[in-house]
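A.B. asks: Predicted model and sequence below, questions to follow.
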Amino acid sequence: MDVAEYRRRYEAELAGAAPPESPAPEAELARTADEPAARADALAPGPLDEEGIAKQVAELLATLREPEQPLTARMTALQALGALDFLGPRFAPFRADYNQALRDVATDPEGELRESALELLAIHKDPYAQGLLVGGLERPEESLVPEAKAIQFLGYDDHTEIVPLVREIYDRATGPAREEALRVLATDPQSEGLFMRLLEDQAEERDIRSISASGLQSLNPEAFDETARKIVTDDSDYDDIRATSLAALAHGREAHEKPADPELVHTVRKLGERSRSQELRSSSRRFLQSAE
Amino acid sequence: MPDAAGALATMLAEQAPLFAGRGTNEAERVRGYILASFETAGLPPEAVPFVLEELETGRSPYTVAAAARALRGAVDVPAEVPLLLVGAIARLRGTDDVVSFERLEPSRASGNALTALAELARTLVLLGPRAEPALGALEALIRSEGETFSPAVRAELGQAVEAVARPVGSASVCSCGGEAAEPVAPCTFAPLASAPGRDLAELALESQDGTLLSFSEAFCGRPTALAFFYTRCTNPDKCSLTVTRLARLARRLVREELDANVAGITYDPGFDRPARLKTYGADRGMGFSPRCSLLRTLGPFDPVREAFDLGVGFGPVTVNRHRLDLVVLDASLGVAERFERRLWHEEAVLAALRGATAAYE
């Protein structure tokens, strides 16, 4: 669907959802000042004419920035601003103020708010937010969000050049931070060997192998094909990993219109016939369809 | 401070050591900080192409605003500047942001800091009646897109219209130069005697189809329009547009039965493998053939950068900044003409190819 058309429909839906008999938003906000839940409700989007948006945005920004407001109301304001941001050109007049407000709350004492603001800024590759996130990774005592989140947010910009830092983190990290580090390394051609090793290592965690498969396929589809073939034909490997590898091979074949390899087609056909894994049988069918 | 300004200008080259190893945002930050400093240091002529490039294709509110500030230190303002300023306002209208040049590090700007659009408008105010050629475009932009500007920016643009429309005699004194603005330095350069392509004759390349060939095999024997790009480029007015225009150029060559190559070489050979090149080109209308291809070097890109003195800088993993570069090679790999920094047009490249073909025949 055309993006502009989708926006128009969304605006119409939002406008249609606003109850015509609603009290003036300012009055409602004043009335609910001491009732966090009611105040959060009062922050829901109202009429979307130019004046209506300007009033709403001003109120939402004020609520977001105000440390005395309850967290529920501030989070609701942030979410409502995020919805208005989707209006595109109609939100453009408020973009600079919105960015500034996000920067204001990026160091807020409220962790949830801080994390949401940093993520929104990071999506837009904001240098200030990126500086805060990198600072937290380099000096954990200054970190504003968990390590895994910081890596994920910085990964939204593949030109931040945090790869050297992330390589260091990968070597020492465990759990989600290690997974996020690998996702960032999927933009680094020098990490190809690492992904190949991890993908082939049956002792490695399944999620790590799965991320490595995506990383290797993105960086070097030919190398991925070779490694994935080994995995698919290795009966000692896990069925889910074999199924994922097979699905990726099918996808790669379709995407790049590669001719099917008769030997692999034969192996996959037999695999589909004898496997007890539903996942593996399903991937086999898909691969064979793509090879026809 | 002419010496200081000249020294600053030499720092702007993408391949300058100052930018090596930095991420894109960091490199842009440094570049913007230097550009903004020309407001007080004075804008030397050698820095003008960098300013115009930023106004023409820049996407970062910070660096575009810095270019607008740089112009305030110019003695002579190129005639195309007013329209470029209005073009930049139109381009940034959905992504305006507060900018501050008080310090190099990104920070939360102070409450009275301006946005990029306000900076652009203020430069138009300073140009006053000399920006008159852009008055119609500015007014049309305000009429059609007025609602996308904040009230503060609308006020700034209103002041710009007022200043630009003011009768010439009543213009206030400004530091932006004399009345007779000279056309900007051309983006094309005279034929060069050097033949850097010959130094690359044995360089190994791989095409979007995975075909291996040397630089000489790819281009020797007929003229070539050779541009540079990378698929991770985030500026739609740079690499994406370059490859789209290469595709159009290739179609023109076929129609006009001109025997020449059209090709692009990626700055990022480790990432831009054949399948990626093929998809990227096909999405932009490249009809691949032996005369029309996208290529990568099989080894490092450095020899190509050095041979053609390309304006490109690298971070630890990928490009952090590049200018637009297109060279027209003659049949024996000498550089017949080059287009750099500014947007190039198919007609001009076509003319250069015709010239190189005539010389070859």
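C.D. replies: Sure, I can see it. Note that the coordinates shown come from a computational prediction; the quantities given were computed from them, not determined experimentally.

A.B. asks: ok, B:Pro49 to chain A distance?
C.D. replies: Using CB to the nearest CB, to the nearest Å, one gets 23 Å for the distance from B:Pro49 to chain A. Quick note: C-beta positions are derived from backbone N, CA and C, even for glycine.

A.B. asks: now that residue: how far from B:Glu80?
C.D. replies: Using CB to CB, to the nearest Å, one gets 12 Å for the distance from B:Pro49 to B:Glu80.

A.B. asks: Ok, A:Tyr238 next?
C.D. replies: For A:Tyr238, the distance to B:Glu80 equals 63 Å [CB to CB].

A.B. asks: Pick out whichever of the two has more residues nearby.
C.D. replies: A count of neighbours by other CB atoms under 10 Å in any protein chain shown puts B:Glu80 above the other of A:Tyr238 and B:Glu80, at 18 against 15.

A.B. asks: My guess is the more buried one contacts B:Leu52. True?
C.D. replies: Yes: assessed by CB atoms under 8 Å, B:Glu80 is found in contact with B:Leu52 at 7.2 Å.

A.B. asks: In contact with the residue nearest to B:Ala165 when sequence neighbours are not counted, which residues are there?
C.D. replies: Distance criterion CB to CB, 6 or more residues apart in numbering or on different chains; nearest residue to B:Ala165, sequence neighbours excluded, is B:Leu135 at 5.9 Å. Residues in contact with B:Leu135 (CB atoms under 8 Å, 6 or more residues apart in numbering or on different chains) are B:161, B:164-165.

A.B. asks: helices and strands around the helix or strand harbouring B:Ala155, which ones?
C.D. replies: For B:Ala155, the host element (DSSP states H and E) is helix B:151-165. On a contact count with 3 or more CB pairs under 8 Å, 6 or more residues apart in numbering or on different chains; DSSP states H and E, helix B:151-165 meets helix B:116-127, helix B:135-145.

A.B. asks: Which residues outside that helix are in contact with it?
C.D. replies: Under the contact criterion CB under 8 Å, 6+ apart, helix B:151-165 has outside partners A:93, B:82, B:89, B:96, B:115, B:117-118, B:121-122, B:124-129, B:131-132, B:134-135, B:138-139, B:142, B:146, B:149, B:172.

A.B. asks: From those residues, list the buried ones, please.
C.D. replies: A:93, B:82, B:89, B:96, B:115, B:117-118, B:121-122, B:124-129, B:131, B:134-135, B:138, B:142, B:149 (16 or more other CB atoms under 10 Å in any protein chain shown).

A.B. asks: Report the separation between B:Thr211 and chain A.
C.D. replies: 14 Å.

A.B. asks: if I've got this straight, B:Ile326 is in a helix?
C.D. replies: Actually, residue B:326 is Leu. It isn't Ile. No: checked against DSSP: H, G, I helix; E, B strand; the rest coil, B:Leu326 lies outside a helix; its state is strand.

A.B. asks: Going by neighbour count, which residues in stretch B:290-308 are buried?
C.D. replies: B:291-297, B:301, B:304-305, B:307-308.

A.B. asks: Check these against B:Phe339 and report the nearest one.
C.D. replies: Ranked by distance to B:Phe339 (CB to CB), the buried residues of stretch B:290-308 are led by B:Phe308 at 11.8 Å.

A.B. asks: which stretches of the stretch 51-200 of chain A have low pLDDT?
C.D. replies: Along the stretch 51-200 of chain A, no part satisfies pLDDT under 70.

A.B. asks: what does it put close to chain B?
C.D. replies: A:88-90, A:92-97, A:99-100, A:103-104, A:125-128, A:130-131, A:157-164, A:187-190 (CB under 8 Å from any CB of the partner chain).

A.B. asks: and these, which are buried?
C.D. replies: A:90, A:92-97, A:99-100, A:103, A:125-128, A:130-131, A:157-163, A:187-189.

A.B. asks: Residues contacting stretch A:102-121, please?
C.D. replies: With CB under 8 Å, 6+ apart as the test, stretch A:102-121 has contacts from A:64-65, A:67, A:71, A:74-75, A:78, A:82, A:99, A:126, A:128-129, A:132-133, A:144-145, A:149, A:153, B:108.

A.B. asks: For PyMOL, write a command that selects the buried ones of those residues.
C.D. replies: Typed into PyMOL, the line below selects the buried ones among the contacts of stretch A:102-121, using 16+ other CB under 10 Å:
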select buried, chain A and resi 64+65+74+75+78+99+126+128+129+132+133+144+145+149+153
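
A.B. asks: Chain neighbours aside, what residue packs nearest to A:Ala247?
C.D. replies: Leaving aside its sequence neighbours, A:Ala247 sits nearest to A:Ser283 (CB to CB, 6+ apart; 4.6 Å).

A.B. asks: now for the host helix or strand of the one you found, which elements pack on it?
C.D. replies: According to DSSP H and E, A:Ser283 maps onto helix A:278-291. Judged by 3+ CB pairs under 8 Å, 6+ apart, the packing partners of helix A:278-291 are helix A:239-256, helix A:262-274.

A.B. asks: What angle do helix A:262-274 and the first one make with each other?
C.D. replies: Between the axis of helix A:239-256 and that of helix A:262-274 there is an angle of 140 degrees, by axes from the mean of the first three to the mean of the last three CA atoms, to 10 degrees.

A.B. asks: Report the buried residues of helix A:239-256.
C.D. replies: Under the neighbour-count criterion of 16+ other CB under 10 Å, helix A:239-256 has A:239, A:241-250, A:252-253 buried.

A.B. asks: Please apply the same query to stretch B:215-232.
C.D. replies: Of the residues in stretch B:215-232, B:215-216, B:218-220, B:222-232 count as buried by neighbour count, 16+ other CB under 10 Å.

A.B. asks: What parts of the stretch 101-250 of chain B come near chain A?
C.D. replies: Contact residues, the stretch 101-250 of chain B versus chain A (CB under 8 Å from any CB): B:105-109, B:115, B:145, B:147-151, B:153, B:232, B:234.

A.B. asks: May I ask which of those has the most neighbours?
C.D. replies: Within those, B:Thr115 tops the neighbour count with 26 neighbours, counted by other CB under 10 Å.

A.B. asks: quick one: it and B:Val98 touch, right?
C.D. replies: Yes: with contacts counted by CB under 8 Å, B:Thr115 reaches B:Val98, the gap being 5.4 Å.

A.B. asks: which residues are in contact with both of the two?
C.D. replies: In contact with both B:Thr115 and B:Val98: A:Ala96, using CB under 8 Å, 6+ apart.

A.B. asks: Right, I'll call it a day here.
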